[in-house]
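Student: Structure for this input, please:
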Amino acid sequence: MSAHPPVEELEALTAEAAAHVAQCETCAREVAWLRAEKALVARRPPVAVAGLWEGVASRLQSSGFRPQA
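Tutor: Next comes the predicted model:
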């Protein structure tokens, strides 16, 4: 595994990507699509997960499921 790049390198890559997106219609559409999807996902109500594992464990026990080693 490599070390994290310096902040300056990340800033340069970000600027380069932004400049490309500003000039490329295909990439601009893709970025717009990704931003729209992110906004839609952010608006979804949170999923209730309290007690989720207990319910799964209970169903596994009642089904007779036994994990194999």
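Student: Run through the helices of the chain in chain order.
Tutor: With helices called from DSSP state H, the chain shows them at 7-23, 25-43, 52-63.
Student: now those as TSV including mean pLDDT and mean neighbour count?
Tutor: Just so you know, the C-beta spots here come from the backbone N, C-alpha and C atoms, and that holds for glycine as well. Below are the helices of the chain laid out as TSV (pLDDT from 0 to 100; neighbours: other CB atoms under 10 Å):
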stretch	mean pLDDT	mean neighbour count
helix 7-23	97	11
helix 25-43	97	10
helix 52-63	86	10
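Student: any idea which residue of the protein is furthest from its center?
Tutor: What lies farthest from the middle of the chain is Gly64; by CA atoms, centre = their mean that is 34.5 Å.
Student: pLDDT wise, what is it at?
Tutor: Here, the pLDDT recorded for Gly64 equals 78.
Student: Phi first, then psi, for it.
Tutor: Note on Gly64: backbone dihedrals following degrees, to the nearest 10 are phi 80, psi 10.
Student: got the contact list for it?
Tutor: Contacts for Gly64 (CB atoms under 8 Å, 6 or more residues apart in numbering) come out as none.
Student: Report the separation between it and Pro6.
Tutor: Computed as CB to CB, to the nearest Å, the Gly64 to Pro6 distance reads 56 Å.
Student: What separation do you get for Val41 and Val47?
Tutor: Between Val41 and Val47 the computed distance is 12 Å (CB to CB).
Student: do Glu8 as well
Tutor: 39 Å.
Student: Same check on Glu30?
Tutor: Glu30 sits 28 Å away from Val47, going by CB to CB.
Student: What of Val7?
Tutor: 35 Å.
Student: again, but for Glu37
Tutor: 17 Å.
Student: try Ala32
Tutor: 27 Å.
Student: Repeat that for Gln68.
Tutor: Remark: distance between Gln68 and Val47 (CB to CB) = 30 Å.
Student: ok, those two, which is more surrounded?
Tutor: Val47 (6 against 3; other CB atoms under 10 Å).
Student: Can you give me the pLDDT of Cys24?
Tutor: 98.
Student: And for Ala69?
Tutor: You'll see Ala69 listed with a pLDDT of 67.
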